[in-house]
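Build the 3D model from these lines:
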Amino acid sequence: MVESRLQSRGEGSDIEIRNLYKIFGPNAAAHVDAVRNGLGKDELNAAHGHVLGLNDINLTIPSGRITVVMGLSGSGKSTLIRHINRLIDPTAGEILYEGQDIARMSQAQLLEFRRSKTAMVFQKFALMPHRTVMQNVGYGLGIRGVAEARRNEIARHWISRVGLDGFEDRYPNQLSGGMQQRVGLARALANDAEILLMDEAFSALDPLIRMEMQGILLDLQQELHKTIVFITHDLDEALRLGDKVAILRDGQLIQQGTGESIVLRPRDGYIADFVREVSRGKVIHVGTIMRRGAPVDTPVALPRTATLDEAARALTNADINRANVVDDTGRHLGVVTLAKIVAEMIAPDDSEPLEDDAVAA
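Have a look, this model is predicted:
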């Protein structure tokens, strides 16, 4: 039986991003009101020589889940993630976590927040070439004053968890790209931070290694329930990883929600073009398309979180044309047929966009 990859949420706090603006330029604050009143990115640059990075971003990043922020180059996704640990200061707006506005923390508070609450995994690995795998993974713990014996114990645990047993004494230049990124992930996890920020973390990897790293992250997340913000320009990666997906364009948040909701109900033509080539069978769940009603006589019961691909495979292997759909406790919810599954796997020619007030939060 296929099971949901995330059974429960973590115990931490959501991150609330409210009315966030970022304008790059020497007199940024003076132009916020103009942007609020409709001055666009091109007009701001042409008239004032300032660059609009983020335009009124409102986004809840749920605790214990993976939120993927995606968009094309220049969309503002990397700018956004760097506001969460304030590597970039906002021009206006709030980033709230545990009742505090990160944007207004003192330098001492910010330093403590970065050390104890967040960890970051970079696209280019950012490993220290003169330090071994063990030393790289334990580096953050050393900064926090953890004793060497305990530091090495924790580092060895996470090195093992990402599949690098036996490589503790190697240097980064002795590792493949995929192995180096595993070290980066182990270093972030060793700090036991509640928030994991991953900026295009797998983009530099070959496709097969990239998929392997995605699998490692999902396996670890099923156990750890970290609050993960993952940046990517790849829609397939976003849909595979994201419990929630937020799509940016030119510094604006165009649509947010589950991958399934975005594929089924794109808000506008831009999003519709984005998702047109998506394999619907990998994204849509049987719980969404089932017909409610009494159980039918069939040997197959599918969890509501099974994808259409998984459901079609199960029915085909059993040589039957219908299945009952159940919730996480096994309670009956409805019925789905193979014909319905196949029909929904084919994208409609003219799917209707969401209305503005129906955009998934």
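
Isn't residue 78 up against residue 198?
No. Residue 78 lies out of contact with residue 198 (Cβ atoms under 8 Å); the separation is 11.1 Å. Placement of C-beta: from N, CA and C, glycine included.

Of these two, give the one with the bigger neighbour count.
Using other Cβ atoms under 10 Å as the criterion, residue 78 and residue 198 rank with residue 198 on top: 24 against 19.

Phi, psi for the more buried one please.
phi -130, psi 100 (degrees, to the nearest 10).

Please identify which helix or strand holds residue 17.
strand 15-24 (DSSP states H and E).

Summarise which helices and strands that strand is packed against.
helix 32-36, strand 51-61, helix 77-84, strand 92-97 (3 or more Cβ pairs under 8 Å, 6 or more residues apart in numbering; DSSP states H and E).

would you list these in a markdown table and tack on mean pLDDT and distance to residue 71?
Output for the helices and strands packed on strand 15-24, formatted as a markdown table (pLDDT from 0 to 100; distance: least, Cβ to Cβ, whole Å):
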| stretch | mean pLDDT | distance to residue 71 |
| --- | --- | --- |
| helix 32-36 | 97 | 18 |
| strand 51-61 | 98 | 11 |
| helix 77-84 | 96 | 5 |
| strand 92-97 | 98 | 18 |
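
Out of these, the one nearest residue 221 is which?
strand 51-61 (14.3 Å; Cβ to Cβ).

tell me which residues in that closest one are buried?
Across strand 51-61, burial judged by 16 or more other Cβ atoms under 10 Å covers 51, 52, 53, 54, 55, 56, 57, 59, 60, 61.

what do you get for stretch 94-103?
Neighbour counts over stretch 94-103 (16+ other Cβ under 10 Å) mark 95, 96, 97, 102, 103 as buried.

what about residue 49, how many residues close to it?
There are 10 residues near residue 49, going by other Cβ under 10 Å.

How much space separates it from residue 25?
The spacing between residue 49 and residue 25, counted by Cβ to Cβ, to the nearest Å, is 6 Å.

about what we covered before: may I see the helices and strands packed on strand 15-24 arranged in TSV, with distance to residue 111 as well?
TSV is the format used below for the helices and strands packed on strand 15-24 (distance: least, Cβ to Cβ, whole Å):
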stretch	distance to residue 111
helix 32-36	27
strand 51-61	22
helix 77-84	15
strand 92-97	15
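
related to what we said a few turns ago, between residue 78 and residue 198, what contacts are shared?
residue 231 (Cβ atoms under 8 Å, 6 or more residues apart in numbering).

After the helix of greatest length in the chain, which helix or strand is next?
Ranked by residue count and defined by DSSP state H, the top helix of the chain is helix 207-224. The element immediately downstream of helix 207-224 (helix or strand, assigned by DSSP H and E) is strand 227-232.

Pairing partners for that next one, with directions?
strand 66-70 (parallel), strand 195-199 (parallel) (DSSP bridges).

next one: that strand to chain centre, how far?
Chain-centre distance of strand 227-232: 4 Å, with Cα atoms, centre = their mean, to the nearest Å.
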